[in-house]
Structure formats: C-alpha cells, structure tokens
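Trainee: return atomic coordinates for the entry below.
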Amino acid sequence: MQLHKIAKAYQGNRILADCSYTFAAGGAYILMGDNGSGKSTLFRLAALLEPPDQGEVRYLQGDLTLPPDITLKRRLTMVFPRVGVFSRSVSENVAYGLKIRGLPRDRVREQVARALEEVALSHKTHQPAATLSSGETMRLGLARALAVEPEVLFLDEPTTHIDRANTRLIEDCLLQTLRERALTLILITHDPAQAHRLGGRRLLLQEGRIVEVD
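Mentor: Here you go, the predicted model:
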C-alpha cells in the first residue's frame, strides 16, 4: 500500500500535508505522535474510510493498482478504541462479518473458533456480548476483525481504555498473529513501550507530516 503526496484538511484546517510512504506487505507499522499530529486522519485515509483532498492511496497487486471498491475494502479491517457489540452471543458477534460475506456455515464456525482462541475468549463463546468487561469487549472486536482473515488490520489505540492484563493479552495476540498470519498491521499508539514490544517500523507524525521512520 502506498501513500502518495496525500493531503487533508477539515474546515480549512490542514491536518495532513504531502505525506508519502510505502507499506510493504507483512509486518507491523506503528503510528505515533502527539494529539493533533495527523495520526488518526492518516489512518482513516489509508483504510479507505475517506478520500484525501490531494494525492492518492494506492493498494497494489504486482504492478496493478486495485480499485477502491467493496472487494478491496473487504480485505481490510479496522478496530477503533470503542467497540460496539450486537445484542447477541460472543460467537454470533464474531461471525457477523463472515455471514455477510456469504461463507459456508462450517467455514464460519471454524474461523470464529480460531479467532476466539487467538484472543483467549473461547470460554466466553455463548455468553452475551453485552456482559463482557471493557477489556474483553476490545478482545471481541479484535476477534471479529481477525475472523474475516484480513490482509491489512488497522487498530486505533486498541488498549487506551482497558486494564494492563487485557492490554498484555492483546499484545500477545498481535505478536502471535504477525507470526502466523500473512497480514500487515497498522496501529496507532501513544505508548512507546507497546510500540517497542510489537516491533516493526515506527512512523512519527508531527504537524501533519511523517518526520521520522524507525
């Protein structure tokens, strides 16, 4: 995925200016920076949630640039700091994205079971999702994203509102996922220790520009 000279402003307030970067397939990319630096806007543009005012977001397959249609968007998944749940069981929440994709029942069951095991929620399979703790709800959101087997997983500060034990479980899950799945992780965090633990490339944003890559 390539960001090519992208810029974005809201109500005349410039948020991003002339940002370019190429994300190779596989591995972790950590977006860091102060509040207002442009991290979340860069995240939303890269995830195709909204278009840039200038420049391009390109998803490549070989030498071919893929159109930003529903087929491509289904290869991307996002988890935000607040996870919404349906008034259903944990497993039914995780199965939602698979069912709307029309997967066979056996395949849905298999992928739900795998995702719940990865986030250590297998024992909550039949529990109403609304009864989960905030940390468990975030893990449910991650399971729902992983179940559809995305090629790119976007996480916006997934551990900001949860306790340390659940934070550790999510970090362990992400490390395992990076080892076992062929996906690219793009994550926003304010926690340098978390960025260090997850490894990968760290991109620092300041005043709407990528100023450092570690």
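
Trainee: OK, contacts around R75?
Mentor: Contacts of R75 were listed using C-beta atoms under 8 Å, 6 or more residues apart in numbering, and they are P150, E151, V152. (Glycine included, C-beta is placed from N, CA and C.)

Trainee: counting neighbours, which of those comes out on top?
Mentor: Using other C-beta atoms under 10 Å as the neighbour test, those are led by V152, with 21 neighbours.

Trainee: how far away is that one from L66?
Mentor: V152 is 12 Å from L66, where distance means C-beta to C-beta, to the nearest Å.

Trainee: list the contacts for S87?
Mentor: The neighbours of S87, taking C-beta under 8 Å, 6+ apart as the test, are P128, A129, A130.

Trainee: how about the spatially most central residue of the chain: what's its closest non-neighbour residue?
Mentor: For the chain, the residue nearest the mean C-alpha position is F154 (1.7 Å; C-alpha atoms, centre = their mean). In space, and not counting its chain neighbours, F154 is closest to M78: 4.3 Å by C-beta to C-beta, 6 or more residues apart in numbering.

Trainee: same check, this time on K8
Mentor: L16 (4.4 Å).

Trainee: now do the helix or strand the one you found falls within: which elements does it pack against?
Mentor: L16 is part of strand 13-22, with elements assigned from DSSP states H and E. Using 3 or more C-beta pairs under 8 Å, 6 or more residues apart in numbering; DSSP states H and E as the contact test, the elements touching strand 13-22 are strand 2-10, helix 39-46, strand 54-58, strand 209-213.

Trainee: pick the most deeply packed of these.
Mentor: Highest mean neighbour count among those (mean count of other C-beta atoms under 10 Å): helix 39-46, with a mean of 22.

Trainee: elements contacting it?
Mentor: Checking 3+ C-beta pairs under 8 Å, 6+ apart, helix 39-46 ends up next to strand 2-10, strand 13-22, strand 27-32, strand 152-156, strand 184-188.

Trainee: mean pLDDT for those - can I get that in CSV?
Mentor: Shown next, in CSV, are the helices and strands packed on helix 39-46 (pLDDT from 0 to 100):
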stretch, mean pLDDT
strand 2-10, 95
strand 13-22, 93
strand 27-32, 94
strand 152-156, 96
strand 184-188, 96
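
Trainee: using JSON lines, lay out those together with distance to N93.
Mentor: Formatted as JSON lines, those follow (distance: least, C-beta to C-beta, whole Å):
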{"stretch": "strand 2-10", "distance to N93": "32"}
{"stretch": "strand 13-22", "distance to N93": "33"}
{"stretch": "strand 27-32", "distance to N93": "26"}
{"stretch": "strand 152-156", "distance to N93": "17"}
{"stretch": "strand 184-188", "distance to N93": "22"}
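
Trainee: domain parsing of this protein, as residue ranges.
Mentor: For the chain, automatic domain parsing gives the domain ranges 1-75+151-214, 83-149.
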